[in-house]
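[1] turn this into a model:
(3 chains)
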Amino acid sequence: MQSYSYILWIPLLPLATFVVLGLFGRKYLKTSSGLIGTLSLLTSCLLSFKAAKQYFFVDGKVDGIYQKIEAFKHVWLQFSPGVSIDMGITIDPIAVMMLVVITSVSLMVHVFSLGYMKGEDRFATYYAFLSLFTFSMLGLVLSVNIFQIYMFWELVGVSSFLLIGYYFYKPSAVAASKKAFIVTRFADLGFLIGILVLGFYGGSLDISTLIQKFTTVQSPEYISITTASFLGMSMLTWGLTLVFVGGAGKSAMFPLHVWLPDAMEGPTPVSALIHAATMVVAGVYLVARLFPVFSMDAHALDIVTYTGVFSALLAAVIACTQTDIKRVLAYSTMSQIGYMMFSLGVSRYGGEAGLGYMASMFHLFTHAFFKSLLFLGAGSVIHLVHSNEMKDMGGLRKLMPITHIAFLIACLAIAGVPPFAGFFSKEEILTAALHENTLVYGVALFTAALTSFYMFRLYFSIFWNKEADVHGEHHGEGTWTMKLPLIILAICSVGAGFIGFPEFVTSDGAGIETHMDIASMAVPVSLSIVAIIIAAIMYKNANEKPAKVATAFGGFYRAAYKKFYVDEVYLFITKKIIFPLIGQPIAWADKHMVDGFMLMLGNLTAKISAAIKGMQSGKVQYYALYFFGGIIALSLLLIYIWK
Amino acid sequence: MNEVPLEHILIVSTALFFIGMYGLFTRRNMITMLMSVELMLNSVNINFVAFNKYLYPEHLDGIFFSLFIITIAAAEAAVAIAIIINLYRSHRSIDVDDAAEMKF
Amino acid sequence: MNLSLLVIFPLVTALAVLLSKGLKQVRGFALLGSLTQLGLAGWLLKSYQAERASGNLTTNLFESNTPWFTSPLINYHIGVDGIAIAMILLTSVVVVAGILVSWSMEKMSKEYFFLLVLLSMGAYGFFISLDLFTMFFFLEIAVIPKFLLIGVWGSGDKVKSAMKLALMLMGGSALVFVGLLGIYYNVHSFETAEVIRVGLTSGVQKFFFPFAFIGFGIFAAMFPFHTWVPDGHASAPTAASMFLAGISMKLGGYGCLRMVSLMPDAANYYSWIIIILATIAIIYGAFATMMQTDLKYINAYSSISHCGFVILGIGMMNKTSMNGAVIQMVSHGLMTALFFAAIGMIYSRTHTRMVAQLGGLLKAMPFISTVFVIAGLCSLGLPGFSGFVAEMTVFMGSWQNPDTMYRFATVLSGASIVVTAVYILRATGRAIMGPISDEHALLADATWNEKLASVLLIAAILVIGIAPFLMNQLIVPSTDILFEHIGKAITIK
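    Predicted structure coming up:
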């Protein structure tokens, strides 16, 4: 078997770029930083493709099953015997798939940003942060150790924070970056405790060891974690649920999704990379990574399923009402991730039962391409009209033909129209859901229709509808660096579905056969097409219909437009409960009670001394009086008390 | 010959002591205070001599002690008067209440 | 190597500072002295590792013992283990950084630098002492300069803060002294090794342990004896804040650790109280920080929260958590010194520390702002920085105890990482990001000395954060030895 040690370079190159650009970029490499970043990422990307080729086609498969390989492992921090954080590289189908996805999308974003971010003041810093993000994300997917995942998890969080807050002088960007970090941090607390639970019972933090121990029913670790319980749930359920909370935070699942729409304050290419294709699917990846353990616990899987399906539906409903194009895309991302989640939830481990797992990964793969395409397309549009609002757009198909075609392809892909990529993956998800849980299937079907509707609402509003008044200089679609990624991604969005995905990525490494029958395909596809037609009727030309529909839905429409007031609930909890009812009383108590007590001790001493200092009058005769008084008292004491 | 009983002598010395003490507390003039102190010392001397005679006539310790105290008293008077003179130079007064700087 | 050099060098530096004239000479000598000290600390580390590598497994290395008094028996007994070396390294780094940031201290510069160097001497002496009385002696040396540094060079209500700090720390010293006397009159020795060898009866331990532990706890900002921290830090000049948080709070943590090793039965007996107090400090400090509006108060309160992790790690009484406590001490010392340095740089330019009056500093002073953000990220425990390593080690350690109360304490302390993120990001969001006011837009960025100081501290933070195994190699053998003795007490129970 050939060595995989070169994979180490895939994350290390962006890291090196980050260090170089971070230290010297601002002063010395101001103009060349984009090129440096792009070239180093191109190298990483090529290495990823090499790794994928080697793993999938040359030596990854042993006896028809893709093996999990640990290419590199180094003890980073030893806690106690057997329990340590290791830094390492694990290679298995999902890791390799993620490598390809991350490096290629990141490369596209790097190239796109060359044009999009040109002339920015902190151009070098931007590329440094992009590299940092890419490094962290690659480290995350290659992790061998659950704590290693947690570390890179935090790092992607912080690079997301830095990139959302890139326009640091805009208060809204600052608020959004804070919100993103704090909400995900809150979720990470759950993840951390989940790790502690699993690590405690498993006696290790190594993922393979944990999986091996917790999937062997007769192992002492499995027995101890399933027999121990807290509040009526076994510790295994607790551990997995808490880990899932971490995943839900990063992947913007209800109720931890509030940060994602706001995160659109960042530069649009960043949204394409982080908040569409890579970081937000980290939660899905995490569940997939620990899937053998999840599959041992039906409760945890149920939680995953229902969170996923509810988020998918909720986000789709909200997306229908939003007017900021990036926010529509953000909710659509959330909805699609909900698909991936429940698909994992309805899956079981191994063989045909693992269809949901495969479908989820497949959807992750295709979604990365068409969603980043949508975002980059939106970026081009925003670059032209300098606005995020739909009302400022319309009729742009003539001004930007390439963007128009690319955007249309992506919309068709996400709507699940054959033969575009999204069709295949969504079809697998729906099939998996149908086998397992009819309720979920029904909701998923409805959500799929909604998805087609709001995506085409977006498409028609941008490229058709009324003619937008694009004034000022017409720089059209920008430089070739902005067009090239759109074209490449569009090709991927068409072609990605034809890869024989089920052969490569499955829950147990063995390829599975999938059969698509026309009957099961007909329902979702026809629903989608109907939804597209409705969208066309409503939005292709400027008319009164959308307003009428909105009034017909009345309160429900307003609630959806206000995102069902989840933000308000959070604001209420923080501004009305945590700050005034916890923070301020504590600060007050510290100043007035704890410190007050210490001050009181001091003041008491001062008071006592003030009270008795009158004795020191300076008058000698009083001293003599005290002296003799003392003598008399002592004598009396000696005579009468102690004899 | 009828001996004077010890009690009588003790009454005298106690009276002397408290007269001295009273003088020490009430007089503001330092010279008079010094004299009061001498009175107290002398009352102690009387006690020493008296106890020596009545209780341990074969020893001489008490007498020695009173001699010792007389010597000390002389030295003390010298030092005290020196202090008083210095005080008079700085404060133009030998009233103790005028020298009350050493307080809190 | 001769450990006394660690004490003699600062003394010589202090004298040289006293004898020199003018700011230039004074700071030159001070910097030279502190750099030498840094070199010495590095050399000490190297020779320690060489000695350990050659198979020397005694508890303390480089011991030397000179009788000081015969009755009571007090020896100038010095020696180091890995923990002490970690502390010495921390001290030397913070001292260099502190001297660099006070490069342009015009007011009574000679006295200022003299006191700084004197304080560092106390700290070095404290860390190398193996004799409890000598340790106490150096502890006191480190207290007095703080009072003067705050009282003379401070800002705000400096006299009150200085008094508060000095009185509370003195109170702590008094309690420590009671504890030490209790040990002495039961073992008839101040020698730590002797105390461990002879051992105190459980009753004696239970009586004297609270004195010693609370005494050192006051230094380490243990709840509810932490109130000197906010006022003291806020009033102190920059370098003094750095020394205070970076060095002198560590004297407390280190002392607590030693006391636990001397009186393990009592520590085990009282551990639940320690844990409760530490958990309160962590979560309560974090919430109190959230409400502060002054940058220095923010950092001071966050120090209470972070030092709570030290106490928590010690109170949890197992190897991992104690390692965590030691790493947290070093990490917090570096990070908070960096934070105070950044705040000092901002304050010296904008003349305000109120978060609401700042904004968008990243535009005017990118370097200082970056330093501030790095310190903040370290404080909220970002991987790659030392804070993460320390906190995670404490968590892993404290989670090892399956008791529900311990679990609860761990989860609550864990929750503080969220609150930490909130207050750090609030401060960063307001002061560093956002729109900048016109009067701040033209302020200059850091000067070379400030840059050097920041880079030094950041480098140290990164070394621990990126290669924690180096730190572990240094301290784990020593905590193992320490724990051999403590472990017995726990199994007896």
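
[2] centre of the chain to the top helix by length along chain B, how far?
    Taking DSSP state H as the criterion, chain B has its longest helix at helix B:61-91. Helix B:61-91 sits 10 Å away from the centroid of its parent chain (Cα atoms, centre = their mean, to the nearest Å).

[3] mind listing what's buried in that helix?
    B:62, B:65-66, B:69, B:73, B:80, B:84, B:87 (16 or more other Cβ atoms under 10 Å in any protein chain shown). All C-beta atoms are positioned from the backbone trio N, CA, C, and that covers glycine.

[4] dump the residue contacts of A:Thr43.
    Each residue near A:Thr43 by Cβ atoms under 8 Å, 6 or more residues apart in numbering or on different chains is listed here: A:9, A:13.

[5] check which helix or strand it maps to.
    Take DSSP states H and E as the rule and A:Thr43 turns out to sit in helix A:33-53.

[6] next one: B:Asn45
    Counting by DSSP H and E, B:Asn45 is part of helix B:30-55.

[7] on that earlier part again, tell me the one of the buried residues of helix B:61-91 nearest chain C?
    B:Phe65 (36.0 Å; Cβ to the nearest Cβ).

[8] that closest one contacts B:Phe48, doesn't it?
    Yes. The pair B:Phe65 / B:Phe48 is scored as a contact, 4.9 Å apart, by Cβ atoms under 8 Å.

[9] give me the mean pLDDT for the helix holding A:Thr43.
    Mean pLDDT, helix A:33-53: 89.

[10] ok now that helix, how far from the chain's centre?
    With Cα atoms, centre = their mean, you get 23 Å for helix A:33-53.

[11] and the next element down the chain from it?
    strand A:61-62.

[12] report the distance from the helix or strand that that next one is followed by to the chain centre.
    Next in sequence after strand A:61-62, counting helices and strands by DSSP H and E, comes strand A:65-66. Its chain's C-alpha centre and that of strand A:65-66 lie 29 Å apart, by Cα atoms, centre = their mean.

[13] ok, stretch A:209-218 next?
    Relative to the mean C-alpha coordinate of its chain, stretch A:209-218 is positioned 28 Å out (Cα atoms, centre = their mean).

[14] same check, this time on stretch B:54-72
    16 Å.

[15] next: stretch C:38-54.
    That offset, for stretch C:38-54, works out to 21 Å (Cα atoms, centre = their mean).

[16] try stretch B:80-95
    For stretch B:80-95 - counting by Cα atoms, centre = their mean - the centre lies 20 Å from the chain centre.

[17] what does that stretch contact?
    In contact with stretch B:80-95 (Cβ under 8 Å, 6+ apart) are residues B:28-31, B:34, B:37, B:98-99.

[18] just those: which has the poorest pLDDT?
    B:Ala99 (81).

[19] pull up the distance across stretch A:227-239, start to finish.
    Across stretch A:227-239, the terminal residues are separated by 13 Å (Cα to Cα, to the nearest Å).

[20] that one: how far from the chain's middle?
    The mean C-alpha position of stretch A:227-239 is separated from the chain mean by 26 Å, Cα atoms, centre = their mean.

[21] now that stretch: buried residues?
    By neighbour count with 16+ other Cβ under 10 Å, stretch A:227-239 contains the buried residues A:234-239.

[22] export those to a markdown table and tack on secondary structure and distance to A:Trp464?
    Listed next are these as a markdown table, based on DSSP: H, G, I helix; E, B strand; the rest coil; distance: Cβ to Cβ, whole Å:
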| residue | secondary structure | distance to A:Trp464 |
| --- | --- | --- |
| A:Ser234 | strand | 55 |
| A:Met235 | helix | 56 |
| A:Leu236 | helix | 53 |
| A:Thr237 | helix | 50 |
| A:Trp238 | helix | 51 |
| A:Gly239 | helix | 51 |
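
[23] dump those residues into TSV; add pLDDT as well.
    Output for the buried residues of stretch A:227-239, formatted as TSV (pLDDT from 0 to 100):
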residue	pLDDT
A:Ser234	85
A:Met235	87
A:Leu236	88
A:Thr237	89
A:Trp238	90
A:Gly239	90
